[in-house]
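Enquirer: what would the 3D arrangement of this be:
(one chain, ligands or ions: 1)
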Amino acid sequence: MAASFVDSGKTVCDVGCDHGKLSLFLLQSGKAERIIATDINKAPLQKAVDLITGAGCGQKAEFYLTDGLQNIGKTDDISHVVIAGLGGQTMAQIIHSAPFIKENKVRLVLLPAQSGHTIRKYLYENGFDIQKEETVEEKGKFYSCISAVYTQNTRTADIFACYIGKSRLCEGYAAKGYFSMVYSQLEKKQKGFTIENGFASRDISEAMDKIKNLTDK
Ligand SMILES: C[S@@+](CC[C@H](N)C(=O)[O-])C[C@H]1O[C@@H](n2cnc3c(N)ncnc32)[C@H](O)[C@@H]1O
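Expert: Now for the predicted structure:
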């Protein structure tokens, strides 16, 4: 899914590359001219090195054992940063620590494993525009892949915008599954709020109603 959001990539950063399969696909399909693959752990990064060099693409790739995008050297040619399979909070920290993303208007492709609401909130509040989303099902779990770019326009976002964002425009099996998953998360959040305050949150209820409308469509 994340790969389909990359086109005509010059240098593409694959953050948290793990086995390196995404990086290799981007190179072999011509979606990326070069790859910067990073991972915070040695063993997964080594797997990526072995896979990509073993496939004869080593000259088109650089590998960094690092947190996010720290100390990756030259950033001028970077067209895309892909972060797939990490949590929304970690994604926000990684983006925040890499000012070149804003400066060079690098396209972000983000597939949060959890806490999609945290990364959407960060993007809205920090001047990034979420341009499209695509929902996906993998092994019975539902995700939404986000494509975003820095535009300087900051906005505060309500609960619905943070939890659903542009996935509201998605249709089909994966979209319905994603909406149901988010609805359950908000149900839990509402329970917690009610226990703490003795009454239900109107904002959460409104977001849940909007999600229900999407699921019933
Ligand atoms: C679930 S895997 C995702 C693999 C791959 N991106 C994918 O979608 O198939 C998460 C990977 O991110 C790495 N990781 C976690 N936190 C990171 C960070 N702050 N910076 C770089 N890599 C990180 C982990 O070591 C692990 O290899």
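Enquirer: please make it C-alpha for all contacts and neighbour counts, starting now.
Expert: OK.
Enquirer: what's the mean pLDDT across the helix or strand containing Val182?
Expert: Using DSSP states H and E, Val182 sits in helix 173-197. Across helix 173-197, the average pLDDT comes to 97.
Enquirer: go on, stretch 28-42?
Expert: 97.
Enquirer: how many other residues sit next to the residue lying closest to Leu123 once chain neighbours are set aside?
Expert: Sequence neighbours aside, Asp129 is the residue nearest to Leu123 in space, at 7.0 Å (criterion: C-alpha to C-alpha, 6 or more residues apart in numbering). Neighbourhood size, Asp129 [other C-alpha atoms under 10 Å]: 19.
Enquirer: could you grab the helix/strand/coil label for Asp129?
Expert: Here Asp129 is recorded as strand under DSSP: H, G, I helix; E, B strand; the rest coil.
Enquirer: can you name the residues that contact it?
Expert: 123, 148-151, 153 (C-alpha atoms under 8 Å, 6 or more residues apart in numbering).
Enquirer: so which bits of this protein are right by the ligand?
Expert: 15-18, 38-41, 44, 66-68, 84-86 (C-alpha under 6 Å from any ligand atom).
Enquirer: returning to that earlier point: pLDDT score assigned to the residue nearest to Leu123?
Expert: Confidence score, pLDDT, at Asp129: 97.
Enquirer: residue contacts, Ser167?
Expert: Neighbouring residues of Ser167 by C-alpha under 8 Å, 6+ apart: 132-135, 144, 175.
Enquirer: ok, now Thr154?
Expert: Counting by C-alpha under 8 Å, 6+ apart, Thr154 has contacts 124-128.
Enquirer: check the offset of the helix holding Val182 from the chain's centre.
Expert: Computed by C-alpha atoms, centre = their mean, to the nearest Å, the separation of helix 173-197 from the middle of its chain amounts to 20 Å.
Enquirer: same deal with stretch 27-47?
Expert: So, by C-alpha atoms, centre = their mean, the centroid of stretch 27-47 is 17 Å from its chain's centroid.
Enquirer: stretch 69-83 now?
Expert: Worked out by C-alpha atoms, centre = their mean, stretch 69-83 lies 16 Å from the chain centre.
Enquirer: could you check that stretch and say which residues are buried?
Expert: Neighbour-count burial for stretch 69-83, counted by 16 or more other C-alpha atoms under 10 Å, picks out 69, 72, 75, 78-83.
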